[in-house]
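In: with the sequence up front, the predicted model follows.
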Amino acid sequence: MPVAEWESPKGAMHGLANGKVRTPDNRDIIEAVDGNDKSYPDGYIAEEGLRQIDALVKGDKPFFLAIGLIKPHLPFGVPKHYLDLYENVEIPPALHPEKPKGKTTWHGSGEFMNYNRWGKDPRKDKDFALELKKYYAACVSYADKHVGDIIQKLKETGADKNTIVVLWGDHGWHLGEHSIWGKHSLFEESLRSPLIIYDPTMENRGEMSDAIVQSVDVFPTLCELTDLPTPNFTKGTSLIPILKDPKTSGHEAVAIKAHTTTIRTDQYRLVQHKSGEVELYDHNTPEGEVLNIADYHPETVRRLKKLIIGKMGIKAFVFAD
């Protein structure tokens with residue numbers, strides 16, 4: 001990972017513009033500067049990725065290359081021309097911004113609130129909440145631009161014709177949903193992450209799937225796509241059937257946080273707390289993860305608890321870090 005002026009991976013991970021490292025006295029939550037893509041670390045990371053692609057395609061061996069873009073990670077800092085894209089764009093408010101009732105994995109957004117917010121709280125200040133969303137969207141556009149550059153490099157070198165591309169995020173992020181700004185929960189907003197798999201030989205390019213899968217499924221999928229043997233220690237499930245037919249069903253996914261475990265099926269999310277308290281949400285209803293229906297569906301709760309036990313014995317976890 002090139003760290004440039006930020007001097008260390010930790011400094012770059014939370015870097016402000018032009019080599020400034022986040023410190024207790026220098027930690028603005030949002031920032032926009034006049035400058036180019038290399039005003040922030042992702043510009044250097046993408047540049048190194050492009051250099052490595054050039055070098056790898058000149059060799060005579062297959063290659064694997066992982067390029068880790070940081071944005072839209074906190075703080076929400078971008079070159080200003082990405083923020084300008086959203087100047088007159090209407091950003092919708094959170095659909096369910098209220099703090100949930102009862103036992104949940106709600107938290108006070110400590111990581112987010114620890115930044116300099118100039119006394120503003122997006123949970124109470126709607127204008128500030130919408131401003132933050134524009135900066136977040138700008139960070140996504142900044143990352144998208146680098147993804148585009150990487151894909152374009154593959155096309156320029158001709159490697160796009162035999163290279164599998166995976167665009168993969170490590171978790172989701174609350175932008176005020178459930179009165180949370182951040183991750184660290186077991187709600188859908190935190191656990192659902194971006195996943196796009198592209199194979200030049202695939203027939204269903206651009207089609208979407210609603211199948212539930214896990215991050216650990218990516219590895220055996222790549223093994224199968226590249227005709228490599230799948231190691232015995234692999235815990236995931238190949239996604240080849242879904243790539244061939246996006247309507248194919250997925251499988252249940254398990255995640256844990258501290259002393260709390262959740263399982264997600266195509267219809268339900270069950271959350272089991274160490275205290276014995278339970279959350280059950282039905283994604284086939286308009287309320288989704290706003291209305292806990294555990295008291296009204298004891299048989300569904302029992303069935304999903306059994307599924308958790310089975311999954312914990314054979315599946316790796318997706319951690320809500």
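Out: It's in. Numbers count the residues shown, from 1 in each chain.
In: ok, now which ones touch Tyr268?
Out: Tyr268 makes contacts with Leu280, Tyr281, Asp282, His283, Thr300, Leu304, as judged by C-beta atoms under 8 Å, 6 or more residues apart in numbering. Backbone N, C-alpha and C define where each C-beta goes, glycine included.
In: by neighbours, which of the residues you listed wins?
Out: The most crowded member of the contacts of Tyr268, judged by other C-beta atoms under 10 Å, is Leu304 (24 neighbours).
In: ok, it touching Thr265?
Out: Yes: between Leu304 and Thr265 a contact is recorded at 7.2 Å, counting by C-beta atoms under 8 Å.
In: sorry, back to before: would you turn the contacts of Tyr268 into a markdown table with secondary structure, pLDDT and distance to Ala138?
Out: Shown next, in a markdown table, are the contacts of Tyr268 (DSSP: H, G, I helix; E, B strand; the rest coil; pLDDT from 0 to 100; distance: C-beta to C-beta, whole Å):
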| residue | secondary structure | pLDDT | distance to Ala138 |
| --- | --- | --- | --- |
| Leu280 | strand | 98 | 37 |
| Tyr281 | strand | 98 | 31 |
| Asp282 | strand | 98 | 35 |
| His283 | coil | 97 | 30 |
| Thr300 | helix | 97 | 41 |
| Leu304 | helix | 96 | 39 |
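In: can I get the residues you listed in CSV with distance to Phe64?
Out: Conversion of the contacts of Tyr268 to CSV gives the following (distance: C-beta to C-beta, whole Å):
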residue, distance to Phe64
Leu280, 40
Tyr281, 38
Asp282, 40
His283, 35
Thr300, 42
Leu304, 37
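In: for stretch 245-260, buried residues please.
Out: Within stretch 245-260, the residues scored as buried using 16 or more other C-beta atoms under 10 Å are Gly250, His251, Glu252, Ala253, Val254, Ala255, Ile256, Lys257, Thr260.
In: need the max-distance pair from these.
Out: Using C-beta to C-beta, the buried residues of stretch 245-260 reach their maximum pairwise distance at Gly250 and Thr260, which is 22.6 Å.
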